[in-house]
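>>> sequence plus predicted model, see below.
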Amino acid sequence: MKDINPDFFYTVELDDECKFKSAVWVDARCRASYEYYGDVVSVDSTYRRNRHGLPFVSFVGVNHHGRSTLLGCALLGNEEIASYEWVFSQWVKCMGTAPQCIITDQCRFKYHAIKNTLPDTRHRWYIWHIMNKLPSKLGGYRRYGALYVDLNNIVWNSRTEESFEDNWADFIDEYNLHNNTWVSDLYDDRRMWIPIYFKGEFWSAMRSTQRSESMHAFYGGYLHSKTSLVQFVHEYDNVLGFKEQRELEDDAADSKGKANCRVSTVDKQGSLVCVTMEEEKLVNDTILCVSYDVHFDHSTQELRCECNLFESSEFVGDDEETTLPHVALEETMAKLAAHHAKKRSESVSKTQTNIGS
């Protein structure tokens, strides 16, 4: 691979008997993608379909279409702190800089390894991984149905830290969960996963997205339990090629389309403008219409969205793009998407010259 593609990075860790321990590899396409989509990175190690039983680690970002994009991979000899520390340090060595934010499951080994090797990176946990455990952890309670609804409402709809903490206390009292250790630990770790504690932070729309699970489904089309290490690397390259092709198709589709949101109402008072937006979102094969307010101050050029999407998903641009006429927000969002698509397409075009097929 290195002979075909000079920008291909790999490193292997051996034990005292020169036997395989761990490996990290990053394709040139992944390195190019990291330049644009490396602010927030998801790290997952739950995909285990290698015949040698080695945990497979994926570094995943989110591209300008909201799709998962690979940023590197690793095979671990074991899931211990030292193994993760080695993988993280080698991956950052390849990329040149650490990500601003990283998101993982609740693995304590990852937690300590990130703390030790990436001290300046903001770390949080996937909410979905936690909420998915509710049936096994709390399903035995007599009022589980109501409990499930109330807990979801508290987690997703708390508007302030104070309201979350008050609602959580009421929730514990209502369902008599004072002695439930799992629930108590979740509260102690609330700053690692509750959305309100990340308000205003950029998380590239990873707050509720099941990135690892979608990648698992994708890998399943290429990798299986009998895949050898040599086949594994070859099929990994096929994965990247397919993902790149799909991204180019998305770019082409975006160039012909328009934003899936529209202006509902506009209220202007002096330099302050409040625009009520209606956005169509696909949820479980059903299209839902979601309304939210966007506030824009012409005097300060400050843009603030009620749903925090501008802050958490980077719907912002340069001065020219953020000077928003109050009737052109939809058009501006479409221009931003096209702008990011153009940047990414130029990067891919340059990278392809360094990639062997």
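Here it is on my side, so go on. Residues are numbered from 1 along each chain as shown.

>>> neighbours of residue 93, just the number please.
The tally of other residues near residue 93 (other C-beta atoms under 10 Å) stands at 11. Bear in mind the C-beta positions are built from the backbone N, C-alpha and C, glycine included.

>>> residue ranges for the strands of the stretch 1-150 of the chain, please.
Secondary structure of the stretch 1-150 of the chain (DSSP state E, counting those that start in this stretch): strands located at 9-14, 20-26, 40-47, 56-62, 68-75, 101-104, 122-125.

>>> with mean neighbour count added, can I get the ones you listed in TSV?
Listed next are those as TSV, based on neighbours: other C-beta atoms under 10 Å:
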stretch	mean neighbour count
strand 9-14	16
strand 20-26	21
strand 40-47	23
strand 56-62	23
strand 68-75	24
strand 101-104	22
strand 122-125	18
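
>>> any idea which of those strands scores lowest on pLDDT?
Lowest mean pLDDT of the strands of the stretch 1-150 of the chain: strand 40-47, a mean of 81.

>>> right, and residue 123 touches residue 102 too?
Yes: counting by C-beta atoms under 8 Å, residue 123 sits close enough to residue 102 to count as a contact (5.3 Å).

>>> show me what contacts the residue lying closest to residue 130 once chain neighbours are set aside?
Take residue 130 and drop its neighbours on the chain: the residue closest to it by C-beta to C-beta, 6 or more residues apart in numbering is residue 193, 5.7 Å away. By C-beta atoms under 8 Å, 6 or more residues apart in numbering, residue 193 lies in contact with 124-127, 130, 186.

>>> so how far is residue 159 from residue 194?
Distance, residue 194 to residue 159, by C-beta to C-beta, to the nearest Å: 12 Å.

>>> looking at those two, which has the bigger crowd around it?
residue 194 (24 against 9).

>>> got the buried residues for the strand or helix carrying residue 173?
Assessed by DSSP states H and E, residue 173 sits inside helix 161-175. Neighbour-count burial for helix 161-175, counted by 16 or more other C-beta atoms under 10 Å, picks out 164-165, 167-168, 171-172, 175.

>>> flag every buried residue along the next helix or strand after it.
Per DSSP H and E, the first helix or strand lying C-terminal to helix 161-175 is helix 181-188. Across helix 181-188, burial judged by 16+ other C-beta under 10 Å covers 183, 186.

>>> which strands or helices does helix 181-188 pack on?
With contacts taken as 3 or more C-beta pairs under 8 Å, 6 or more residues apart in numbering; DSSP states H and E, helix 181-188 sits against helix 134-138.

>>> for the helix it packs on, packing partners?
Using 3+ C-beta pairs under 8 Å, 6+ apart, the elements in contact with helix 134-138 are helix 144-157, helix 181-188.

>>> how about those helices, which one is nearest residue 44?
Closest to residue 44 of the helices and strands packed on helix 134-138 is helix 181-188 (C-beta to C-beta; 20.4 Å).

>>> wait, residue 87 touches residue 55, no?
No: using C-beta under 8 Å, residue 87 makes no contact with residue 55, being 10.1 Å away.

>>> name the residue in those two with the higher neighbour count.
Taking other C-beta under 10 Å, residue 87 and residue 55 do not tie; residue 87 has more neighbours (27 against 19).

>>> report the inter-axis angle for the helix holding residue 173 versus helix 181-188.
Angle, helix 161-175 to helix 181-188, by axes from the mean of the first three to the mean of the last three C-alpha atoms, to 10 degrees: 170 degrees.

>>> quick one: mean pLDDT for helix 161-175?
96.

>>> about what we covered before: right, and the helices and strands packed on helix 134-138 - which one's nearest residue 18?
With C-beta to C-beta as the measure, helix 181-188 is the member of these nearest residue 18 (41.3 Å).

>>> which other residues reach the closest one?
130, 137-138, 168, 172, 177, 193.

>>> average pLDDT across that helix?
Per-residue scores along helix 181-188 average to 96.

>>> look up the closest residue to residue 275, ignoring the ones flanking it.
residue 294 (4.7 Å).

>>> phi first, then psi, for the one you found.
Main-chain torsions, residue 294, degrees, to the nearest 10: phi -120, psi 130.

>>> format the contacts of residue 193 as a markdown table; extra columns: distance to residue 8.
Formatted as a markdown table, these follow (distance: C-beta to C-beta, whole Å):
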| residue | distance to residue 8 |
| --- | --- |
| 124 | 31 |
| 125 | 32 |
| 126 | 29 |
| 127 | 35 |
| 130 | 36 |
| 186 | 41 |
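
>>> other SSEs contacting the helix holding residue 173?
With contacts defined as 3+ C-beta pairs under 8 Å, 6+ apart, helix 161-175 has these neighbours: helix 144-157.

>>> report all helices and strands that the helix it packs on contacts.
helix 127-131, helix 134-138, helix 161-175.

>>> pretty sure residue 171 contacts residue 177?
Yes: between residue 171 and residue 177 there is a contact at 7.5 Å, judged by C-beta under 8 Å.

>>> between the two ends of stretch 77-84, how far is it?
One end of stretch 77-84 sits 10 Å from the other (C-alpha to C-alpha, to the nearest Å).

>>> in that stretch, which residues are buried?
Judged by neighbour count using 16+ other C-beta under 10 Å, the buried positions of stretch 77-84 are 77, 81-84.

>>> and those residues as a markdown table, adding pLDDT and distance to residue 275?
Shown next, in a markdown table, are these (pLDDT from 0 to 100; distance: C-beta to C-beta, whole Å):
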| residue | pLDDT | distance to residue 275 |
| --- | --- | --- |
| 77 | 83 | 54 |
| 81 | 95 | 48 |
| 82 | 93 | 52 |
| 83 | 93 | 49 |
| 84 | 95 | 45 |
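
>>> all good on my end, thank you.
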